[in-house]
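Peer 1: give me coordinates for this.
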Amino acid sequence: MACVAATALLLNCTGAYAHVKWFSKVVNCTSTPLNIGSILASPMFVALFIAALAVMAGVCRVDKLAAERYPYLHRSPSVLEHRRADRAALLLRVGVGIYFLSVFLYRDERPFILTPELWTKATWVPLVQLAIAAAVLSRHTVPLAAAGILLLYGNAVALYGWFHMLDYLYFIGVASFLAISVSEGQVRPSLGFTLLRVLTGFSLMWVSVEKWVYPSWTYDILARDLANITMGLDPRFVVMAAGFVEFSLAFLIVFGRLSARVAAVALLALLIGAIPLVGMLDAVGHAPLIVVLLVFAAGPNPLGAAGPNHLPWNGRAHAISFAAGVVGLIGLYHVTHALAYPRLDNVLSLNMLVAAAMLIPLRWVTTVGCGVPARRYAAQI
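Peer 2: Residues are numbered from 1 along each chain as shown. The predicted structure follows:
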């Protein structure tokens, strides 16, 4: 359950970090998301939103002070960039190889394409999975492994729809990173890190938004399998707070400095801690994400460190960017859902007009707030 565990851990109880779509029995992507007014007008949502803003502003302040005092923790000298990229690529290759070999061996019990809910009966899919596991063994064949991952992702899109697969954009990030890592200097390795980080962060934020727009999916898991982690609290609070915890950590992974590494460690703890509770399926399904988070935890975030300290990237700007991200992604979720599953009554509704207007704050994230260091970093690639 994506970040119910985070809330539970903050409350000193046992939690889990299992993907909702793998375990909930009421998931239906074609159903209409919860009305935006119902989400934003909730006093509980507003209170948690304000609390999250305050926390993010404080984190940014600490991040800035740590960056000034310990600059080596968030900046990689260019001479070390290629070495770090090589080590990260090796770790990712090992993780990808083990993952796809495990999926291939798991095929008789539960055959799936990339993640446990993506069922398939196609006989060629396990062969591609085995080929990917073999291709990552050599640098010369890594591009074939990357192509294989993209092929499986495309197959999943064809079967389950592009909207469903927005949860798993990190697979595109993994494929891109692997391909760039063996490009022999044609592309700077920092581009691979950036694609991997941004796509993984987006995937995690997207899943956290699902806690708010489809809370019933998580309620189902809480009621059936994880009732103990609520400690008697209102499930609405647990699920809504979990969404904020997960969104905050994902936001920091993309735009934090030292906090990006701390956030990666926190998410790693949640993922690994969930395995004994929910079983081997969760271990297999989250293996690629665990490896990606290990890469993030082991090295600095060049995107977060791109802007020099004199840039207007302070606690206020950080909090505004976080707020814009929350509001904008809720709107984006509704808009993309309407595009994926169009219905005339929904497209012409007031809710959709509000959703479209909520996309405007995303401009702050991409141009004013996070966009300042992002553009500086892009110029360096």
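Peer 1: list the buried ones in stretch 196-211?
Peer 2: Neighbour counts over stretch 196-211 (16 or more other C-beta atoms under 10 Å) mark 196-211 as buried. Every residue, glycine included, has its C-beta placed from N, CA and C.
Peer 1: how about stretch 42-57?
Peer 2: Ser42, Phe45, Leu48, Phe49, Ala52, Leu53, Met56, Ala57.
Peer 1: looking at this, the fourth one is in a helix?
Peer 2: Yes: under DSSP: H, G, I helix; E, B strand; the rest coil, Phe49 sits within a helix.
Peer 1: that one and Ser203, how far apart?
Peer 2: Remark: distance between Phe49 and Ser203 (C-beta to C-beta, to the nearest Å) = 22 Å.
Peer 1: try Ile113
Peer 2: Distance of Ile113 to Ser203, computed by C-beta to C-beta: 16 Å.
Peer 1: repeat that for Phe251.
Peer 2: Taken as C-beta to C-beta, the span from Phe251 to Ser203 is 13 Å.
Peer 1: Thr32 too?
Peer 2: For Thr32, the distance to Ser203 - C-beta to C-beta - is 23 Å.
Peer 1: over to Leu91?
Peer 2: As judged by C-beta to C-beta, Leu91 and Ser203 stand 19 Å apart.
Peer 1: picking up where we left off before, nearest to Phe296 among the buried residues of stretch 42-57?
Peer 2: Closest to Phe296 out of the buried residues of stretch 42-57 is Met56 (18.2 Å), distances taken as C-beta to C-beta.
Peer 1: which strands or helices does the helix or strand containing the closest one pack on?
Peer 2: Under the criterion of DSSP states H and E, Met56 resides in helix 43-69. For helix 43-69, the packing partners by 3 or more C-beta pairs under 8 Å, 6 or more residues apart in numbering; DSSP states H and E come out as helix 235-255, helix 258-278, helix 315-340.
Peer 1: pick the most deeply packed of the ones you listed.
Peer 2: For those, the largest average neighbour count (mean count of other C-beta atoms under 10 Å) is found in helix 235-255, namely a mean of 24.
Peer 1: so what angle separates the directions of that helix and helix 43-69?
Peer 2: Orientation of helix 235-255 against helix 43-69 (axes from the mean of the first three to the mean of the last three C-alpha atoms, to 10 degrees) gives an angle of 30 degrees.
Peer 1: need the helices and strands packed on helix 43-69 in CSV (columns: mean pLDDT).
Peer 2: Shown next, in CSV, are the helices and strands packed on helix 43-69 (pLDDT from 0 to 100):
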stretch, mean pLDDT
helix 235-255, 92
helix 258-278, 85
helix 315-340, 90
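Peer 1: tell me the buried residues in stretch 344-358?
Peer 2: By neighbour count on 16+ other C-beta under 10 Å, the buried set for stretch 344-358 is Asn346, Ser349, Asn351, Met352, Val354, Ala355, Met358.
Peer 1: which ones are touching the fourth one?
Peer 2: The neighbourhood of Met352, defined by C-beta atoms under 8 Å, 6 or more residues apart in numbering, consists of His334, Val335, Ala338, Asn346.
Peer 1: OK, contacts around Leu339?
Peer 2: Leu339 makes contacts with Phe163, as judged by C-beta under 8 Å, 6+ apart.
Peer 1: fine by me, we can end here.
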